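S.K.: Sequence and predicted structure, then a few things I'm wondering about:
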Amino acid sequence: MPPIFNALIRTHHITSRKKVAKLRAAASNYNIYALLRYGGCPGIMYCQGTESGPGEKMPEGPETDATYGKAEEVESVKDFGAKMQELGVWAWWRKGMGYLGDG
């Protein structure tokens, strides 16, 4: 299996259904898994795929259960964190979100 790469994007919010639809289409077109925290602040997007790019990080732990070609949405940061834990990238996500220091 080729290496798996991740990207984390944090923004003020993701509220446009039109943009979410475009993200869903991109996930399908590029055969990646995307997870969105839709609605209020903060807006968060996590992507996982097999091509290298910015924000690369190999998942820790067992095989992920991410379905490529699919975008999922969650409503809370807590639910987003739970999904990050399931995917084996929880510590990496917490650091990327600024919840952990560099040390």
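M.R.: Good, I have the coordinates. Residues are numbered from 1 along each chain as shown.

S.K.: Going along the chain, name the helices of this structure.
M.R.: Secondary structure of the chain by DSSP state H: the helices cover 17-29, 77-87, 90-96.

S.K.: Not counting residues beside it along the chain, what's closest to residue 93?
M.R.: Nearest residue to residue 93 in three dimensions, chain neighbours excluded: residue 84, at 4.1 Å (C-beta to C-beta, 6 or more residues apart in numbering). Placement of C-beta: from N, CA and C, glycine included.

S.K.: I figured residue 92 hits residue 6, correct?
M.R.: Yes: Residue 92 lies in contact with residue 6 (C-beta atoms under 8 Å); the separation is 7.2 Å.

S.K.: Between those two, point out the one with more neighbours.
M.R.: residue 6 (25 against 20; other C-beta atoms under 10 Å).

S.K.: Help me confirm that that one comes into contact with residue 45.
M.R.: No: in this structure residue 6 lies outside contact range of residue 45 using C-beta under 8 Å: 11.1 Å.

S.K.: so who does the one residue sitting closest to the centre of the chain touch?
M.R.: Centroid check for the chain by C-alpha atoms, centre = their mean gives residue 46 as the closest residue, at 1.3 Å. Residue 46 makes contact with 6, 7, 8, 9, 34, 35, 80, 83, 84, 87, 89, 93 under the criterion C-beta atoms under 8 Å, 6 or more residues apart in numbering.

S.K.: again, only this time at 10 Å
M.R.: Residues near residue 46 by C-beta atoms under 10 Å, 6 or more residues apart in numbering: 6-10, 33-37, 55, 66, 72, 80, 83-84, 87, 89, 92-93, 96.
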